[in-house]
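Participant: Please find the sequence and the predicted model below.
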Amino acid sequence: MTSTAQAPPPGARTAHPEHLGHVIFIAAAAAMGGFLFGYDSAVINGAVEAIRSRYEIGSGTLAQVIAIALIGCAIGAATAGRIADRIGRIRCMQISAVLFTVSAVGSALPFALWDLAFWRIIGGFAIGMASVIGPAYIAEVSPAAYRGRLGSFQQAAIVIGIAVSQLVNWGILNAAGGGQRGKLIGLEAWQVMLGVMVVPAVLYGLLSFAIPESPRFLISAGKHERARTVLKEVEGDKIDLDARVAEIELAMKREHKSTFKDLLGGSFFFKPIVWVGIGLSVFQQFVGINVAFYYSSTLWQSVGVDPSESFFYSFTTSIINIIGTVIAMIFVDRIGRRPLALIGSAGMVIGLGLEAWAFSFNLVDGKLPATQGWVALVAAHVFVLFFALSWGVVVWVFLGEMFPNRIRAAALGVAASAQWIANWAITASFPSLADWNLSGTYIIYTVFAALSIPFVLKFVKETKGKTLEEMG
């Protein structure tokens, strides 16, 4: 290896491309997978009660149909990295887009409940792939000086996808006369809601043909000239392209391919730091955040809110989610990860506690009393706001930074898997728990939000301002 490769010029790390707008377009196109991630995750919210009615199923079966997509998510996330290393990041995006499209069509035209569940799994697989490939690709094509901001496109796209799906559901519901099973273009409203995802899925696929392959993959495949062209395109022509290629090659050779064995140790199977990562993932889900996006319309209707209004409230919740995410992006590097997590936990305890109180009152003429109804509505928005400005973003930042280099990839995989499992547990259990006692369900979520405070104080170390090498 030449001395140039061992000591690349500073410009290789701080390059500023002449056409930053084009780089932003590339990152935004890749983040379209995040948009689909958010859209597909929340669009089912508009179909829950219609599916229950059409197939005449109980809460337990309904929960499995809603949550089954998360099985596909886990499989897609677990396999996406290996697929992308074999055939490239762009091909992986295109496969994901095709699966999204097929899932949307199949979900809109199911002939049986098991058929709908099958297409939900296919869509989940696409979500899992997109959740892994998008951030990885953006990191690999972004100039170092802009990597953090461009990387935030993925999370921003997810919350925008959630909001757009809620708005589209609301529009379709009103066009169909206010009922989830109302007719529109020959289909029931809920079928149209699921089918509309074809539009962003096709757009995602088309955009994937307009962006370049990752230089890192091109170099691993021996396509050095093409890699130089892409590097010049995204980092500018003032850098030493040969030195950049050599730097990437050297970094790839030095990487330690972490395995599951590397995580073992300590007195409880995994190393302590791995358990901290698992804990962060589990707490993020056990506060019940996905109930707000998978079941919010059903929740509001169960306490007497008109279906059209319940969809509108779901949309406003999504807007609050976007605002909270922007706040987190602004402050996560300013005040630190731990303080933001603690502020969020305290706010979530208040919001969830007030919801539990409001839902403890008996319905009058099928509705909550006026005061309790307004408290429940405001508290739901408070909960989502504090989650979004803290745990929604901070957990992913922690998981990307907290593990030592030698185990980072494997530990992140375990923590992400724990998050999908926790997500499934909450999603699958909510309908049955709500039938049992809605107030009691929210007390459970409140307890987990409260327990997250001592967990952060005792076990989670601040990573702000530290290099990845300082993690061990």
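Facilitator: All right, it came through fine.
Participant: these two touch, right, Asp262 and Arg408?
Facilitator: No - contact between Asp262 and Arg408 fails when scored by CB atoms under 8 Å: they sit 9.8 Å apart. Where C-beta positions appear, they are placed from N, C-alpha and C, glycine not excepted.
Participant: Mind jotting down where the strands sit in this structure?
Facilitator: 183-184, 187-188, 264-268, 270 (DSSP state E).
Participant: Mean pLDDT lowest where, among those strands?
Facilitator: Per-segment mean pLDDT for the strands of the chain reaches its minimum on strand 264-268, at a mean of 69.
Participant: what about the stretch 151-300 of the chain, any weak spots by pLDDT?
Facilitator: Applying pLDDT under 70 to the stretch 151-300 of the chain picks out residues 254-260, 266-268.
Participant: distance of Ala31 from Gly161?
Facilitator: 10 Å (CB to CB, to the nearest Å).
Participant: I should have written Phe315 there, sorry.
Facilitator: Counting by CB to CB - Phe315 and Gly161 are separated by 13 Å.
Participant: residues contacting the nearest residue to Tyr39 once chain neighbours are set aside?
Facilitator: Excluding its sequence neighbours, the residue lying closest to Tyr39 (CB to CB, 6 or more residues apart in numbering) is Gly161, at 3.9 Å. Listed by CB atoms under 8 Å, 6 or more residues apart in numbering, the contact partners of Gly161 are 34-42, 200.
Participant: and Gly182, backbone torsions?
Facilitator: phi -70, psi 150 (degrees, to the nearest 10).
Participant: Any idea how many residues pack against it?
Facilitator: 18 (other CB atoms under 10 Å).
Participant: same thing with Leu264?
Facilitator: 11.
Participant: The nearest residue to it once chain neighbours are set aside: how many residues sit nearby?
Facilitator: Nearest residue to Leu264, sequence neighbours excluded (CB to CB, 6+ apart): Phe270, at 6.7 Å. Counted with other CB under 10 Å, the neighbours of Phe270 add up to 17.
Participant: Next up, the contacts around Phe270.
Facilitator: 263-264, 278, 414.
Participant: These in helices, which ones?
Facilitator: Mapping these onto helices (DSSP state H) picks out 278, 414.
Participant: Drop anything exposed from the contacts of Phe270.
Facilitator: Buried members of the contacts of Phe270, counted by 16 or more other CB atoms under 10 Å: 263, 278, 414.
Participant: And the contacts of Phe270, which two are furthest apart?
Facilitator: Spatial extent of these (CB to CB) is set by the pair Leu264 and Ile278 at 13.7 Å.
Participant: phi, psi of the closest residue to Lys461 other than its chain neighbours?
Facilitator: Leaving aside its sequence neighbours, Lys461 sits nearest to Met402 (CB to CB, 6+ apart; 7.2 Å). Backbone geometry at Met402, expressed as degrees, to the nearest 10, gives phi -80, psi -20.
Participant: Just give the number of residues close to Ile248.
Facilitator: 21.
Participant: Could I get the contacting residues of it?
Facilitator: Ile248 touches 215-216, 219, 227, counting by CB under 8 Å, 6+ apart.
Participant: Sort out which one of those residues lies nearest Gln284 for me.
Facilitator: Among these, Arg216 lies closest to Gln284 (CB to CB), at 29.1 Å.
Participant: How about that closest one, nearest residue that isn't a chain neighbour?
Facilitator: Per CB to CB, 6+ apart, closest to Arg216 is Glu140, 4.6 Å.
Participant: Name all residues that make contact with that neighbour.
Facilitator: 89, 214-217.
Participant: again, but for Ile71
Facilitator: Applying CB under 8 Å, 6+ apart, one finds that Ile71 lies in contact with 121, 124, 424.
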